[in-house]
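Participant: coordinates only, no sequence provided:
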């Protein structure tokens, strides 16, 4: 697990596993992570082909310029078992996104399946449980802290809306905050937000990202490359935030301990830690942080 302080991935671009041409384009999109989807994006008749094509891609230790993760089929079913058996131990597999995780036992079952397929001494890839039900939300911390291989958690908001009968952005505030708190309590990076389904509504995407950022999210999954720059812009600090963070860090270095800045802002260790995270994100974007 990470300590939650370092910048995590910001953009996660889904691509259907039965479309190698689309996966290849996704790998050139500039996304931080390409998530090859074996679940919702693939019709039942093409599931086996999608798995085989993905295994062929990940047989290469460097399948592309970014990390490649795979979202397997729903846990507990025969397709998920076949997915894990085919993918475990492949050198190009950067992580597994696990749909419909409801408990810590779901995660440990995946760990057992990976080790059975790849060998008991094999390294378990980073695991990213997707919480998509009321039970999953209730067990969010248990899921997040279930195994050292868990690299992060996220909500699957479409399924969660259906499970809880939710409508509108505001209805998701409580489960979103629950996911943020669970991730932090488990020592993980902040969750990435779920996909925004309307690929033409970039203004709506940006507004949604800014709301989630205010709740503590960092980054977002996407279903089209045109969404990537909007997501990056929303979650990266602007010039004013960078300047304020730089001033905070420099003041704390000059005078350790709690102090007040000329503009009235109070600085203590927690504020300094937050400022350092802002500067780390600024460095990621190529903006001078010092």
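Facilitator: Great, that's in hand. On a predicted model such as this, the values are computed, not experimentally measured, just so you know. Numbers count the residues shown, from 1 in each chain.
Participant: mind checking pLDDT for residue 121?
Facilitator: Here the pLDDT value assigned to residue 121 is 79.
Participant: also residue 268?
Facilitator: Reported pLDDT for residue 268: 65.
Participant: likewise residue 241?
Facilitator: Here the pLDDT value assigned to residue 241 is 75.
Participant: helix, strand or coil for it?
Facilitator: Here residue 241 is recorded as helix under DSSP: H, G, I helix; E, B strand; the rest coil.
Participant: try the one 5 residues further on
Facilitator: Classification of residue 246 into helix, strand or coil gives helix, according to three-state DSSP.
Participant: correct me, but it touches residue 280?
Facilitator: No: judged on CB atoms under 8 Å, residue 246 makes no contact with residue 280 at a distance of 12.0 Å. Any C-beta I mention is one placed from the backbone N, CA and C, and that applies to glycine too.
Participant: list the contacts of residue 14.
Facilitator: 26, 35, 37, 41, 71, 195, 221-223 (CB atoms under 8 Å, 6 or more residues apart in numbering).
Participant: looking at these, which is nearest residue 168?
Facilitator: Comparing these against residue 168 with CB to CB places residue 195 closest, at 16.6 Å.
Participant: that's a strand at the closest one, yeah?
Facilitator: No: secondary structure of residue 195 (three-state DSSP): coil, not part of a strand.
Participant: which residues touch it?
Facilitator: Residue 195 is in contact with 14, 157-158, 220-223, counting by CB under 8 Å, 6+ apart.
Participant: quickly list what residue 71 is bridged to.
Facilitator: With DSSP bridges applied, the residues forming beta bridges to residue 71 are residue 37, residue 97.
Participant: pLDDT at it, what is it?
Facilitator: Per the predicted model, pLDDT is 98 at residue 71.
Participant: can you check residue 6 too?
Facilitator: Taken from the predicted model, the pLDDT recorded for residue 6 is 39.
Participant: quick check: closest non-adjacent residue to the most centrally placed residue in the chain.
Facilitator: Nearest to the mean C-alpha position of the chain, by CA atoms, centre = their mean, lies residue 192 at 4.0 Å. Among residues not flanking residue 192 along the chain, residue 219 sits closest, at 4.1 Å (CB to CB, 6 or more residues apart in numbering).
Participant: likewise for residue 30?
Facilitator: Nearest-residue entry for residue 30: residue 228, 6.1 Å, with adjacent residues in sequence omitted and distances by CB to CB, 6+ apart.
Participant: can you tell me the helix or strand for that neighbour?
Facilitator: Per DSSP states H and E, residue 228 falls inside helix 228-235.
Participant: please point out which parts of that helix sit buried.
Facilitator: When neighbours are counted by 16 or more other CB atoms under 10 Å, the buried residues of helix 228-235 are found to be 228, 230-232, 234-235.
Participant: so which of those comes closest to residue 22?
Facilitator: When the buried residues of helix 228-235 are compared for distance to residue 22, the smallest value, 14.8 Å, is given by residue 228; criterion: CB to CB.
Participant: one step back: going through the contacts of residue 195, which ones are buried?
Facilitator: When neighbours are counted using 16+ other CB under 10 Å, those contain these buried positions: 14, 157, 220-223.
Participant: of the buried residues of helix 228-235, which is the nearest to residue 144?
Facilitator: After measuring the buried residues of helix 228-235 against residue 144 - CB to CB - the closest member comes out as residue 235, at 20.3 Å.
Participant: returning to what we had before: my read is that the residue nearest to residue 30 contacts residue 9, right?
Facilitator: No: under the criterion of CB under 8 Å, residue 228 is not in contact with residue 9, lying 11.8 Å apart.
Participant: just give the nearest non-adjacent residue to residue 198, would you?
Facilitator: Computed as CB to CB, 6+ apart, the closest residue to residue 198 that is not its neighbour in sequence is residue 204, at 6.4 Å.
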